[in-house]
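*Asks:* Coordinates for the following, if possible.
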Amino acid sequence: MRLPVLNTALCAKWTAVFAVGAAVACLPSPHGLQPQTMTLLAVFAAAVVGFILQPMPMGPIAFLSLTVCALFGIIPTKVLLSGFGASATWMVVCAFFISRAFIKTGLGRRIAFVIIRAIGKNAVSLGYSICLAELIVSPAMPAGAARGGGLFYPIVRSICSALDSEPGPTGDRIGRYLMQVGFTANGVTCGLFLTSMAANTLCIGLAAGALGVELTWTRWAAASIVPGLICLASVPVVLFYLSRPVLTALPNAQKHADEELKRMGPLTHAETMLLGVFGMCLLLWAAGSFFGIGSTAVAMLAVAILLVTGALSWEDILSEKGAWDALFWVSALTVLSAALADSGLIRWAADLVAQTLTASHFDWTVSFIILSLIYIYGHYFFASVMAHISAMYAAFIAVAVACGAPPLFAAVVLGIFSSVSSPLTHYSNASAPVFFGAGYVPQTEWWRNGLITTTIFTVIWMTVGPLWWRVIGLL
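*Replies:* Sure, this is the predicted structure:
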C-alpha cells in the first residue's frame with residue numbers, strides 16, 4: 001500500500017503558522033495584563049500569518065481561529081459568535097448580493113459601457129473616473145462601506161466584465177488594476193471629509209473629551225484638502241505601475257461601448273426597477289441620520305426588495321460564495337481585533353510609547369512623527385477603522401499634546417491619519433472584503449501594494465501636509 005506523499009510546501013506553511021502562534025504565546029505577559037492576553041494575541045498573529053500564507057482558504061482559517069478560542073476559553077463562545085451578527089459584516093454580505101443583481105439584470109453592464117463611452121480612452125482614465133466619482137459623492141455619503149462596497153464596487157465590477165476581464169486568467173487584463181483603484185480611492189476619500197465616513201464622527205467626542213477641542217467639518221476639510229487630493233490623484237498612476245494591466249490603451253473601447261449600448265436597446269423593466277432601488281439606497285445612505293436608518297439596514301432593504309420583485313432569486317443568494325466566505329473571515333477578524341482592544345493590550349502599548357517618548361525628550365515634531373507612524377501601521381491589528389479609532393485615537397492625541405503638539409493640530413491630523421492606513425490589508429475596513437472578495441487580486445499582491453501605497457500616502461501627508469497646515473494656520 002502506497003502512503004500519500006506529503007506536500008512539502010503545505011507543511012512549511014502550516015509550520016510557519018503554528019510557529020508564530022507558539023512564539024507569541026510563549027512571550028511573558030506584560031505587567032498589568034492578564035496572561036490570557038498573550039494567548040489571544042498568539043491566535044490573532046497565527047490567523048494573520050495563515051491569511052498571508054494560505055495553507056487553506058481564509059474562511060476555514062478564520063473558523064479554526066474561532067474554534068481554538070472557544071476550546072481554550074480565550075473568548076466566550078457567545079462573544080465569538082457575535083461577529084456573525086455585526087452590522088459591518090452584513091453590509092459586506094449585502095454588497096455582494098446587490099452586485100449580483102447588477103450583473104444579472106444587465107444594469108451594471110449598461111452603466112459600465114456608458115462610462116467607457118464617455119472617458120474610456122485608457123486604463124488610467126478609467127481609474128481617474130472612479131477617483132473623481134468617489135470625491136464627488138464622499139462629502140454627502142457618510143457610510144464609507146456603503147459608498148465603496150454598495151455603490152462603486154458593482155460599477156467597477158461591471159466595467160471589468162465589459163472589458164472581458166474576469167477573476168482568473170483574464171483578471172490582469174484590467175480588472176486587477178481597477179479593483180485596487182476602486183478600493184484605494186474609497187480609503188482616501190474616507191479621510192478627506194468629516195462626513196465621508198461614520199468613524200470620523202467618533203473623533204469629535206474623543207477629541208472633546210481628551211483635549212477639550214472642537215472638530216468641525218470646515219477645519220477637517222481645510223486640513224485635508226490639499227495633501228488628500230494629491231494622494232487621490234496619485235492612486236491611478238501608482239497602482240498602474242504596481243499592477244500594470246494588459247489593456248493599457250483602449251483605442252476602440254469607446255466605439256465598442258457605443259455599439260454595445262445600441263445593441264442592448266432601452267432599459268428593461270428589471271433594470272429600471274433596480275435603478276429605482278439603487279436611487280433609494282443612495283438617498284437613504286446620504287440622509288440616513290435624518291431618517292434614523294443605518295447603512296446596513298438600507299442594504300438589507302434593497303436586497304429584500306430585489307428578492308420580492310424577482311430581480312434576485314434565493315438561489316442567487318445561496319450561490320454567492322464570495323459573500324458567505326467573507327461572512328466567516330470578516331466575522332472572525334472583527335471579534336479577534338475587538339477582543340485585543342478590550343484586553344487592554346493596545347492601551348498598554350500606547351502607555352509604553354508615551355513613557356518612551358517622554359523619557360527621550362524628543363522635539364514634539366519628532367515625537368508626533370513617531371506617534372503617527374505607529375498609529376498608521378498599527379492598523380494591521382484592526383478589522384475596521386472604527387475599532388482603530390476607538391482603541392488608539394484618544395490615547396495617542398493625549399500623548400501627542402503631552403509631548404508638545406498643539407491640541408487642535410493633533411486632534412485633526414491623527415483623525416485624518418485614521419484612514420491613511422486603509423489600503424494596508426484586505427480586512428482594513430468594511431469595503432475591503434468586498435473588493436478583495438471579487439477574486440481579482442492575489443492576497444500577496446494586495447498586501448504588497450497596500451504597504452507601498454500607504455507608505456506613499458504617509459510621505460505625502462508628512463511632507464506636503466506641514467507646508468499646507470502652516471498656510472492655513474493649523475500648525
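
*Asks:* Give the burial count for V92, as a bare number.
*Replies:* For V92, the count of nearby residues is 26 (other C-beta atoms under 10 Å). Backbone N, C-alpha and C define where each C-beta goes, glycine included.

*Asks:* Could you do T201 as well?
*Replies:* Neighbour count for T201, taken as other C-beta under 10 Å: 15.

*Asks:* same deal with A95?
*Replies:* Neighbourhood size, A95 [other C-beta under 10 Å]: 31.

*Asks:* Check the one 5 residues further on too.
*Replies:* Around R100 there are 24 other residues, counting by other C-beta under 10 Å.

*Asks:* I'd say it and W314 touch.
*Replies:* No: judged on C-beta atoms under 8 Å, R100 makes no contact with W314 at a distance of 12.0 Å.

*Asks:* Give me the residues contacting stretch 395-411.
*Replies:* The contact list for stretch 395-411, computed with C-beta atoms under 8 Å, 6 or more residues apart in numbering, reads 203, 206-207, 210-213, 215, 219, 346-347, 350-351, 353-354, 357-358, 362-364, 367-368, 371, 374-375, 414, 469, 474-475.

*Asks:* Now do that stretch: distance from first to last residue.
*Replies:* Stretch 395-411 has an end-to-end distance of 11 Å (criterion: C-alpha to C-alpha, to the nearest Å).

*Asks:* And stretch 358-367, by the same measure?
*Replies:* 9 Å.

*Asks:* who's in contact with that stretch?
*Replies:* With contact meaning C-beta under 8 Å, 6+ apart, stretch 358-367 is reached by 357, 370, 399-400, 402-405.

*Asks:* Okay, helices next: where are they in the stretch 201-350 of the chain?
*Replies:* Under the criterion DSSP state H, counting those that start in this stretch, the stretch 201-350 of the chain contains helices at 217-242, 253-264, 269-286, 288-291, 295-309, 314-319, 321-342, 345-360.

*Asks:* Compare the mean pLDDT across these and name the weakest.
*Replies:* Within these, confidence is poorest for helix 288-291, with a mean of 67 (mean pLDDT).

*Asks:* In three-state terms, how would R147 be classified?
*Replies:* Using DSSP: H, G, I helix; E, B strand; the rest coil, the structure places R147 in helix.

*Asks:* Of the contacts of stretch 358-367, which is the most crowded?
*Replies:* When neighbours are taken as other C-beta under 10 Å, the top entry among these is A400 (27 neighbours).

*Asks:* just checking, that one is part of a strand?
*Replies:* No: with three-state DSSP as the criterion, A400 is assigned helix and is not in a strand.

*Asks:* Look up how far C403 lies from the residue nearest to it when sequence neighbours are not counted.
*Replies:* Spatial nearest neighbour of A400, chain neighbours left out: A410 (4.0 Å); criterion: C-beta to C-beta, 6 or more residues apart in numbering. Distance of A410 to C403, given as C-beta to C-beta, to the nearest Å: 9 Å.

*Asks:* ok so, going back, list buried residues within the contacts of stretch 395-411.
*Replies:* Buried residues within those, counting neighbours by 16 or more other C-beta atoms under 10 Å: 203, 206-207, 210-211, 213, 215, 219, 346-347, 350, 353-354, 357, 362, 364, 367-368, 371, 374-375, 414, 469, 474-475.

*Asks:* Residue nearest the middle of the protein, spatially speaking?
*Replies:* The centre of the chain sits closest to N429, judged by C-alpha atoms, centre = their mean, with a distance of 3.0 Å.

*Asks:* I'd assumed G191 was in contact with it.
*Replies:* No: shown here, N429 and G191 do not form a contact pair, counting by C-beta under 8 Å, at 11.1 Å.

*Asks:* Between the two, which contacts overlap?
*Replies:* With C-beta under 8 Å, 6+ apart as the test, N429 and G191 both reach S422.

*Asks:* doesn't A387 make contact with A338?
*Replies:* Yes: in this structure, A338 is within contact of A387 by C-beta under 8 Å, at 6.0 Å.

*Asks:* got TSV for the helices of the stretch 201-350 of the chain, with distance to P433 too?
*Replies:* As requested, the helices of the stretch 201-350 of the chain are exported to TSV (distance: least, C-beta to C-beta, whole Å):
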stretch	distance to P433
helix 217-242	19
helix 253-264	30
helix 269-286	18
helix 288-291	21
helix 295-309	14
helix 314-319	17
helix 321-342	4
helix 345-360	22
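
*Asks:* out of these, nearest to A45?
*Replies:* Minimum separation from A45 across those (C-beta to C-beta) falls at helix 321-342, 10.0 Å.

*Asks:* buried set for that closest one?
*Replies:* Residues of helix 321-342 classed as buried: 322-323, 325-342 (neighbour count, 16+ other C-beta under 10 Å).

*Asks:* got it, and stretch 104-114?
*Replies:* Neighbour count says stretch 104-114 has 104-113 buried, by 16+ other C-beta under 10 Å.

*Asks:* What number of residues are in the vicinity of V68?
*Replies:* Using other C-beta under 10 Å, V68 has 17 neighbouring residues.

*Asks:* meant to ask about G276
*Replies:* If you count neighbours by other C-beta under 10 Å, G276 ends up with 12.

*Asks:* what do you get for I456?
*Replies:* 15.

*Asks:* next one: A162
*Replies:* By other C-beta under 10 Å, 22 other residues sit near A162.

*Asks:* can you tell me which residues contact it?
*Replies:* With C-beta under 8 Å, 6+ apart, A162 has these contacts: 109, 112-113, 116, 257, 260.

*Asks:* Distance check, the closest residue to G378 other than its chain neighbours against Y375.
*Replies:* The spatial neighbour of G378 that comes closest, neighbours along the chain excluded (C-beta to C-beta, 6+ apart), is M392 at 6.4 Å. According to C-beta to C-beta, M392 stands 6 Å off from Y375.

*Asks:* in the chain, what spans have low per-residue confidence?
*Replies:* 1-6, 140-143, 288-290 (pLDDT under 70).

*Asks:* so where do the strands sit in it?
*Replies:* Under the criterion DSSP state E, the chain carries no strands.

*Asks:* Kindly list the longest helix within the protein.
*Replies:* helix 443-472 (DSSP state H).

*Asks:* Report all helices and strands that that one contacts.
*Replies:* Using 3 or more C-beta pairs under 8 Å, 6 or more residues apart in numbering; DSSP states H and E as the contact test, the elements touching helix 443-472 are helix 35-53, helix 175-190, helix 217-242, helix 364-377, helix 407-420.

*Asks:* circling back: please identify the most buried of the helices of the stretch 201-350 of the chain.
*Replies:* helix 321-342 (a mean of 22; mean count of other C-beta atoms under 10 Å).

*Asks:* Please name every helix or strand in contact with that helix.
*Replies:* Short answer (3+ C-beta pairs under 8 Å, 6+ apart): helix 321-342 packs on helix 35-53, helix 58-71, helix 77-82, helix 87-105, helix 385-388, helix 432-437.
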